[in-house]
Every structure is written in structure tokens, then in C-alpha cells.
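Trainee: Sequence first, predicted coordinates after that:
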Amino acid sequence: MKYTEITVHTTTLGSELVSDIFWQFTEDGVAISDVNDVIALSKAKRGTWDYIDEKLLAPAEVLCKGYVPADDKRTKSSVLSALRRLKESAAVPVGTLETVQREVEGDAWIETWKEHFRPFNIGKVVVCPAWLDHAPKAGETTVKIDTFMAFGTGEHETTSMCVELLQEFMRPGETVIDVGCGSGILGITASLLGAEKVIMTDIDECAVTAAKNNAVLNGIKNYTVELKNLLDDETCKGDIVLANIMAEILVGFSGNIGGNLNAGGTVILSGILNTKEDFVKNAYTSAGFKEIKALRKGEWVALAMKKAV
């Protein structure tokens with residue numbers, strides 16, 4: 001099958017917004033090329049590097065690529081219109097948003113991406129692509145993910161920090177709510193780490209489908225995945241609420257999310273730019289939460305905050 005590859009020139013911050021646009025209109029894949037990911041990986045404490053070509057670390061635009069069936073003119077038009085609106089209204093630097101289109105064979109780019117997605121550790125959790133076998137070491141928990149290149153592979157700082165905080169603060173037998181679950185990686189990890197019940201919600205049908213598929217892939221049974229906004233259901237309660245979403249949305253949740261937590265429960269908040277840390281923290285402090293831990297990676301922050309008893 002032939003696809004139109006739409007390449008958008010953007011920034012690290014803009015790539016998140018551009019990829020969201022692609023996923024609003026197509027399920028056929030998104031790829032992001034960002035030199036900052038290479039720089040972060042080179043500084044990570046994961047193995048050692050014998051050699052890095054300095055050219056890879058040179059400043060460069062971020063490229064966000066989306067894929068649309070070549071004969072689907074309506075979807076291509078919708079994507080381009082949304083990009084124009086983003087350029088006019090974005091609250092963060094998004095770059096030129098210049099676009100380049102070319103026709104590609106579908107199987108070729110999918111297989112190329114799969115070659116570069118390898119198992120990796122987040123603490124004692126090993127995230128492994130569904131198409132690879134992995135033999136866990138003693139004490140490791142393996143989470144299989146087939147995201148079709150989006151919805152959360154665990155590699156992004158915002159997701160990995162959530163997994164780290166989840167390992168630290170979740171206790172076996174607790175109920176965990178994953179808001180904006182995407183691929184389901186956080187909720188599935190909670191289940192495999194011993195949660196008694198996992199509730200995953202998202203307002204995107206594609207995300208709900210991906211989360212259900214990944215739950216089956218990992219063989220978990222103690223979960224639900226629902227297409228809804230958590231704040232629409234005050235009867236949904238848990239001991240931990242995970243929310244890896246934009247800071248503005250997290251702040252919007254702050255006044256109500258306590259109603260979804262059991263007494264003494266914990267919220268794990270991520271997707272927060274370091275410039276928005278105080279913005280989020282102050283909103284939750286005002287809502288009766290107390291910070292118990294903060295993690296920082298690159299320009300991102302994740303917070304664990306406990307509800308007052």
C-alpha cells in the first residue's frame with residue numbers, strides 16, 4: 001500500500017503538538033526525529049558509548065512525520081488545515097511548520113521503525129516491543145507494547161518518570177487509575193506490578209483500542225479501558241491516579257481529581273514542562289495535595305503528590 005509521508009519542520013515542544021494532530025486524523029503512524037533525543041541518550045546511564053558521530057549532536061530542526069494513505073485527499077487536507085491553525089495559535093515555539101510531502105511504500109517505513117525500537121529498562125521494568133522476545137532477569141517485570149509508533153512506548157521522559165514513580169509509590173493490592181492512558185503502558189505496568197484493579201480512560205478511540213490490545217498482549221485480566229473523561233465519573237475511585245498530560249489540563253483536573261482518590265491517595269502527574277512546574281504544583285497544593293517527590297529529566301518534570309487524609 002502506498003502512503004503520503006508528510007514531514008513537518010518543528011521544535012522539540014512543537015513535535016508533541018504536531019504528532020497529536022496526526023493522530024487526530026490518521027492511525028497510520030507518526031515518527032519524530034529529534035537530535036535532543038540523541039543527546040539525552042548519550043547522557044543516560046544506560047550502558048556505554050564507544051563512539052558518537054559529532055554530526056548527530058549538531059543543532060537541527062525537529063522533524064515530525066505522519067503517514068496518510070496516498071489516495072486519502074480529505075485526511076491530508078484536514079492535517080494541513082490543523083497545522084495552519086496550530087501555527088496561528090500555539091502557546092509554545094513550534095518552528096516554521098513547513099511541510100514536505102512524498103509518496104512511500106507502507107511496509108518499508110514500518111519495518112525500519114521496528115528495527116530501532118529495542119527493549120529498555122525503567123528501574124526494574126523492562127519495556128519490550130511486542131514483536132521481540134525478551135528473557136527477563138530475576139526481579140524484572142516485562143511490559144510488552146505494540147504502539148504502532150505512538151501513544152507511548154515508555155521512551156519519552158514524561159512516561160519513564162511516571163513508571164519510576166509508580167514503582168516507588170504503588171503497593172500491591174491497590175487500585176490504579178490511568179487518565180489519558182494512550183497505549184496503556186502505565187496502567188498495564190501497574191497491573192503487572194501487583195495492582196488489584198486498573199482503570200484506564202482516554203477520550204481518543206484509537207488510544208482505547210491500543211490500550212485494550214496491549215492489555216491482551218500482556219495477559220492481564222484485572223482492568224477496564226473506557227472511552228471517557230475521568231472527571232465525568234465521581235464514582236471511579238483509586239489509590240493512585242496517573243496522569244501524563246499537558247500542564248494546562250492537569251491544572252484543570254486539580255479541583256476535582258481528589259474526588260477520584262481514596263483517602264491518603266497519590267496522584268502522579270507528568271507531561272509538565274519545567275517552566276510550568278510551579279503552575280501545576282500550586283494548583284494541587286491549593287486543592288489539598290502535598291508534594292512527596294519530584295523527578296526531572298531534560299525539560300520535563302513529574303510530581304508525586306498525596307491527598308490530605
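Mentor: Done, it's in.

Trainee: Next one: Leu230 from Ala283, what distance?
Mentor: Leu230 sits 16 Å away from Ala283, taking C-beta to C-beta, to the nearest Å as the criterion. Yep, even glycine has a C-beta here, placed from its N, CA and C like the rest.

Trainee: And those two? Which one has more around it.
Mentor: Comparing Leu230 with Ala283 by other C-beta atoms under 10 Å, the one with more neighbours is Leu230, at 24 against 18.

Trainee: That one: what's it in contact with?
Mentor: Leu230 sits next to 177, 179, 201, 236, 241, 253, 257, 260 when contact means C-beta atoms under 8 Å, 6 or more residues apart in numbering.

Trainee: where in the protein is pLDDT low?
Mentor: 28, 35-60, 106-117, 147-154, 231 (pLDDT under 70).

Trainee: Gln167 should be in a helix, yeah?
Mentor: Yes: assessed by DSSP: H, G, I helix; E, B strand; the rest coil, Gln167 belongs to a helix.

Trainee: so who does it touch?
Mentor: Neighbour list for Gln167: 122-125, 193 [criterion: C-beta under 8 Å, 6+ apart].

Trainee: quick one: which of those residues has the most company?
Mentor: Using other C-beta under 10 Å as the neighbour criterion, Val125 leads the contacts of Gln167 with 23 neighbours.

Trainee: ok, the closest residue to that residue other than its chain neighbours - how many residues close by?
Mentor: Among residues not flanking Val125 along the chain, Thr141 sits closest, at 5.1 Å (C-beta to C-beta, 6 or more residues apart in numbering). For Thr141, the neighbour count with other C-beta under 10 Å is 16.

Trainee: quick one, what contacts Thr141?
Mentor: 124-126, 189, 192-193 are the contacts of Thr141 under C-beta under 8 Å, 6+ apart.

Trainee: mind running it again at 7 Å?
Mentor: Residues near Thr141 by C-beta atoms under 7 Å, 6 or more residues apart in numbering: 124-126, 192-193.

Trainee: Relative to Asn229, how far out is it?
Mentor: 30 Å.

Trainee: Could you do Gln24 as well?
Mentor: In terms of C-beta to C-beta, Gln24 sits 17 Å off from Asn229.

Trainee: Same check on Leu186?
Mentor: Distance from Leu186 to Asn229, by C-beta to C-beta: 17 Å.

Trainee: Now do the same contact list for His134.
Mentor: His134 neighbours (C-beta under 7 Å, 6+ apart): 119, 126, 128, 142.

Trainee: ok, the first one touching Val126?
Mentor: In this case it means Pro119. Yes: using C-beta atoms under 7 Å as the test, Pro119 is close enough to Val126 to be in contact (5.6 Å).

Trainee: which one of Leu186 and Asn229 has more residues nearby?
Mentor: Neighbour tally, Leu186 and Asn229, criterion other C-beta under 10 Å: the higher count belongs to Leu186, 31 against 13.

Trainee: give the contact list for the more buried one.
Mentor: 162-163, 166, 178, 242, 244.

Trainee: now, the most widely separated pair of the residues you listed?
Mentor: Spanning the widest gap among the contacts of Leu186 are Val163 and Asp178, at 11.6 Å by C-beta to C-beta.

Trainee: And for Thr7, the neighbour number?
Mentor: If we define neighbours as other C-beta under 10 Å, then Thr7 has 16 of them.

Trainee: Spell out the secondary structure type for it.
Mentor: Thr7 is classified as strand under three-state DSSP.

Trainee: How about it: what's its closest non-neighbour residue?
Mentor: Val100 (4.5 Å).

Trainee: Phi first, then psi, for the one you found.
Mentor: Dihedral angles of Val100 (phi, psi; degrees, to the nearest 10) stand at phi -130, psi 130.

Trainee: Next: Arg85.
Mentor: Backbone torsions of Arg85, given as degrees, to the nearest 10, read phi -70, psi -40.

Trainee: what's the answer for Ala263, then?
Mentor: Given degrees, to the nearest 10, the pair of backbone angles that Ala263 has is phi -50, psi 130.

Trainee: Cool, thanks, signing off.
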